[in-house]
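Engineer: This is a predicted model, with the sequence first.
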Amino acid sequence: MQTTWKGTISFGLVSIPVHLYSATQEHDVPLHQVHAKDGGRVRMKRYCEREEKEVPYTEIAKGYESPDGRTVTLSDEDLADLPLPSKKIIDVLAFVEEGEIDPLMFSKAYYVGVADKGAAKPYALLRDALTESGRIAVTKIALRTRESPAVLRVHDNTLVLQTCIWPDEVRPAAGIAPEGDVTVRPQELKMARSLMDTLSEDFDLAQLHDDYQQALQQVITARLEGVEVPHEEEPGEAPDNVIDLMEALRSSLRQAKGGRNAGAGQAGAEEEPAPRKRAPAKKSAQAAGRTAAKTGSKTSEKTSGKTSGQGSAKSPAAKRTATRKSSAPRKAS
């Protein structure tokens, strides 16, 4: 990893020789300017207006034009010799709670590494002190042509220096938020919190990817292969105004829950056969007893009715015997 800055962290009377390394990198698809008519490369040339000719990069310097039109030329040596302590020293000014620095002020991040083996112990001391206290160190540093406030914090057991913008470089937000007294009902706030909890379930920031770069690469590949460029379907128009906020929150909550269960729930619902009808539940002992009693009562009532109208009823065996006797042929006398 290429070193970006070399210097020393000043922590009271403790000095820590360190190197800075860029902690982030962007993955943009490289694009350059071309002539739309024929695809010819368009290049920016360094052109001197006074001499009316192109000049090499080695003859380029930085300049400042004063309000009265005068120009001051500054060489690299002039910028390197600025009387600025923060050019080579990261001076720790204070230790504050992390929440005291608005994330709006954060800029670029750099990993802080030791410059030699002798710096290992003071490096570990500062790192562990920040970790145990839960604080960050406020510092200043000069990088290239700019001095910036910065903070030292711990990430993955490594010191990180995060440059910041100056407080007066943060633009005021007055007049941007909705004006007037806007009342949010407790029910709406509760529903919004429920939606926040649902959307946050099993969220993994590492799973995010750059859809724009992927789509751009698909278009480039299609152009190279001479095939039709893929097009995305136009999204539906968003509503101009939310009339029923609670209904919008409910719909959002249902959609969020449905999206998380779509992978397993919907697939299972499509393949699952229709549910079978359940057999009627077995009656309890008391209900069965009551049913048997009613059946016995009705049977006895029918039997008593037949007895009173037709005399005593014969048993099935007696009926069969009488039938056989009546059907047998009589002997001749």
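Structural biologist: Yep, that arrived.

Engineer: ok, now how distant is Arg122 from Asp28?
Structural biologist: Not Arg; residue 122 is Pro. 38 Å (CB to CB, to the nearest Å). (Each C-beta comes from the backbone N, C-alpha and C, glycine too.)

Engineer: Who has more neighbours out of the two?
Structural biologist: A direct count of neighbours by other CB atoms under 10 Å for Pro122 and Asp28 places Pro122 higher, at 17 against 10.

Engineer: What is the least confident helix or strand in this structure?
Structural biologist: One helix or strand of the chain scores below all others by mean pLDDT, DSSP states H and E: helix 267-271, with a mean of 43.

Engineer: same question for stretch 134-143, mean pLDDT?
Structural biologist: For stretch 134-143, the mean per-residue pLDDT is 94.

Engineer: oh sorry, the question was meant for stretch 193-211
Structural biologist: What stretch 193-211 shows for mean pLDDT is 87.

Engineer: Could you check it and say which residues are buried?
Structural biologist: By 16 or more other CB atoms under 10 Å, the buried positions in stretch 193-211 come out as 194-195, 198.

Engineer: what comes into contact with that stretch?
Structural biologist: Contacts with stretch 193-211, where a contact means CB atoms under 8 Å, 6 or more residues apart in numbering, come from 27, 249, 252-253, 256-257, 260.

Engineer: Kindly report the same for stretch 81-91.
Structural biologist: 6-10, 18, 139-142, 147, 150, 152, 161.

Engineer: Now name the helix or strand holding Ile16.
Structural biologist: strand 14-22 (DSSP states H and E).

Engineer: Pretty sure Cys48 sits against Val55.
Structural biologist: Yes: using CB atoms under 8 Å, Cys48 makes contact with Val55 at a distance of 5.0 Å.

Engineer: ok, back up a step: how about the strand holding Ile16: buried residues?
Structural biologist: For strand 14-22, by 16+ other CB under 10 Å, it's 16, 18-21.

Engineer: which among these gets closest to Thr221?
Structural biologist: Here the nearest of those to Thr221, counting by CB to CB, is Tyr21; it sits at 33.6 Å.

Engineer: in the sheet, who's paired with Ile136?
Structural biologist: Val96 (DSSP bridges).

Engineer: can you give me the helices in the stretch 151-300 of the chain?
Structural biologist: 186-200, 211-225, 245-261, 267-271, 285-310 (DSSP state H, counting those that start in this stretch).

Engineer: hang on, the earlier thing: can you tell me which of the contacts of stretch 193-211 are buried?
Structural biologist: The neighbour-count test (16+ other CB under 10 Å) marks 249, 252-253, 256-257 as buried among those.

Engineer: These: which two are farthest apart?
Structural biologist: The widest separation within those (CB to CB) is 12.6 Å, between Leu249 and Lys257.

Engineer: Asp244: what's it in contact with?
Structural biologist: Counting by CB under 8 Å, 6+ apart, Asp244 has no contacts.

Engineer: and it, how far is that from His19?
Structural biologist: 58 Å.

Engineer: can you check Asp202 too?
Structural biologist: 38 Å.

Engineer: do Met105 as well
Structural biologist: 24 Å.

Engineer: With Arg46 instead?
Structural biologist: 32 Å.

Engineer: And Pro30, by the same measure?
Structural biologist: Taking CB to CB, one finds Pro30 at 28 Å from His19.

Engineer: Same check on Gly259?
Structural biologist: Distance from Gly259 to His19, by CB to CB: 46 Å.

Engineer: One more: Asp102?
Structural biologist: For Asp102, the distance to His19 - CB to CB - is 28 Å.

Engineer: ok, now Pro85?
Structural biologist: 19 Å.

Engineer: circling back to that earlier point, now tell me which of the helices of the stretch 151-300 of the chain the model trusts least on average.
Structural biologist: Minimum mean pLDDT among the helices of the stretch 151-300 of the chain: helix 267-271, a mean of 43.

Engineer: what is Ile90 paired to in the beta sheet?
Structural biologist: Ile9.

Engineer: Quick check: pLDDT value at it.
Structural biologist: pLDDT recorded at Ile90 is 93.

Engineer: try Lys277
Structural biologist: Predicted confidence (pLDDT) for Lys277: 44.

Engineer: all numbers from here: first residue = 35
Structural biologist: Shifting the count to begin at 35 puts that one at Lys311.

Engineer: do you know how far Gln248 is from Val263?
Structural biologist: From Gln248 over to Val263 (counting by CB to CB), the distance is 14 Å.

Engineer: correction: Leu279
Structural biologist: Distance of Leu279 to Val263, computed by CB to CB: 40 Å.

Engineer: More neighbours: these two, which one.
Structural biologist: Leu279 (14 against 10).
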